[in-house]
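[1] model this:
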Amino acid sequence: MFRKALVLVALVAMMAVSSVSFAQDPQVLRIGMGDPIDSEMGAIATRFKEIVEGRTDGKVEVQIFPSGQLGDETEMIQNVRRGNLDMAVVGIANTVPFVKKLGILTLPYLFENMYDVVRGATGPAHEMLNEFAIKEGGFRVLGWTYTDYRYLSNSKRPIKKLADVKDMKFRVPQSAVILETYRSWGANPVPISWAETFTALQQGVVDGQCYGYITFQAAKFNEVQKYITEVHYTYQLQPMMISERLYKKLSPEMQQLVVEAGREAQEYCLAFQLVDAGRAKAELIASGIQIDTLEDEAEWKKLAIDNVWPKMTDFVGGQKVLDRYLGYIGKK
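    Take a look at the predicted model:
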């Protein structure tokens, strides 16, 4: 009888501790993101919401604000760093001004295939990048959004070989690495914020842009672009981040929950991307978009690697940092 009473007391005490601990956690988590809700960013954020709300029995609500509702991506990153915004899903290039070492992920032809991509976003490679994000950026990466290769689209002509891209104007993010990559091909890169990209394409400020099929369709770029070329110079791993200031205030239980939810949402996002990209591609073709492959991508790759990597190695942290990351993805 005494033992049963003791167990009952212990259970009550555990419930009380859990309740008090949870009461200190936020009741609402707000996630801002740059892309539309029906993009890969939307997929990872929505799955994160489902997991967190499900495992807290709805006591924590996750609110998602897509398509730049909370400002452009640079503004969202700043607010996450300051603790004014809980979470954000943003383009990797927009994090580089805050954490230059994350620019490793924008180096041209870093990933040879999807095996490299997955290795680059999990295990020790993830831990390395996340360490830089926490220490230098003030944010923690809970998951990586798989958003496909940055295929080239434009409104002028099919691009099948290097000569076709010469002097064409392409919208690119504010990324030193990506700017150098386009210049190595003889193209004219123009940094424009993501929120202003559709208007820039519509008004002819630039001829084209680069993104994967799902978000190309979700952003309705097919209304202002006619041609897409499958160029494999960079696979976009976009971070879903949480404010480190907020994270440190969470109870241990809540910290574990958001980390697990982020990892599981990342796994879901990979499956979503692999399946839904084929659907988006087929629908774009049916709508009249012409999709081409390069006849000479080996030449694109050589120019990018020979010209960009030597210039940008120090920018992304130096040879030792780069070699460490390459080792984690099996390329060293």
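
[2] helix, strand or coil: sort out Leu152 for me.
    Assigned by DSSP: H, G, I helix; E, B strand; the rest coil, the conformation of Leu152 is strand.

[3] how about it, nearest residue that isn't a chain neighbour?
    Leaving aside its chain neighbours, Leu152 sits nearest to Thr229 (4.6 Å; criterion: C-beta to C-beta, 6 or more residues apart in numbering). Yep, even glycine has a C-beta here, placed from its N, CA and C like the rest.

[4] show me where the stretch 101-250 of the chain has strands.
    Along the stretch 101-250 of the chain, counting by DSSP state E, counting those that start in this stretch, strands occupy 139-149, 151-154, 169-172, 188-191, 208-211, 227-230, 235-243.

[5] neighbours of Glu131, how many?
    Around Glu131 there are 13 other residues, counting by other C-beta atoms under 10 Å.

[6] report the helix or strand with the lowest average pLDDT across this protein.
    For the chain, counting by mean pLDDT, DSSP states H and E, helix 2-23 ranks last in confidence among helices and strands (a mean of 38).

[7] next SSE downstream of that helix?
    Counting by DSSP states H and E, the element after helix 2-23 in chain order, helix or strand, is strand 28-33.

[8] can I get the next helix or strand after that next one in CSV? Just the C-alpha atoms.
    The helix or strand immediately downstream of strand 28-33 is helix 40-55, counting by DSSP H and E. This file holds the C-alpha atoms of helix 40-55, laid out as CSV (Å, rounded to 0.1, in the frame of the first residue of the first chain):
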residue,chain,number,x,y,z
GLU,A,40,8.9,23.1,-50.8
MET,A,41,9.3,25.8,-48.1
GLY,A,42,5.5,25.4,-47.5
ALA,A,43,5.9,21.6,-47.3
ILE,A,44,8.6,21.7,-44.6
ALA,A,45,6.8,24.4,-42.6
THR,A,46,3.4,22.7,-42.8
ARG,A,47,4.9,19.3,-41.7
PHE,A,48,6.7,21.0,-38.8
LYS,A,49,3.4,22.6,-37.8
GLU,A,50,1.6,19.2,-37.9
ILE,A,51,4.2,17.5,-35.7
VAL,A,52,4.5,20.2,-33.1
GLU,A,53,0.8,20.8,-32.7
GLY,A,54,0.1,17.0,-32.7
ARG,A,55,2.7,16.2,-30.1
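
[9] what is the mean pLDDT for helix 40-55?
    The average pLDDT within helix 40-55 is 98.

[10] buried stuff in it?
    40-49, 51-53 (16 or more other C-beta atoms under 10 Å).

[11] just these now: which is nearest Ala125?
    Each of these was checked against Ala125 using C-beta to C-beta; the closest is Ile44, at 18.0 Å.

[12] ok, for that closest one, nearest residue in space, not its chain neighbours?
    Distances taken as C-beta to C-beta, 6+ apart put Cys269 closest to Ile44, at 4.1 Å, once the chain neighbours are dropped.

[13] confirm the one you found sits in a helix?
    Yes: counting by three-state DSSP, Cys269 is located in a helix.

[14] ok, it - contacts?
    With contact taken as C-beta atoms under 8 Å, 6 or more residues apart in numbering, Cys269 is in contact with Glu40, Ala43, Ile44, Arg47, Gly143, Trp144, Thr145, Tyr146.
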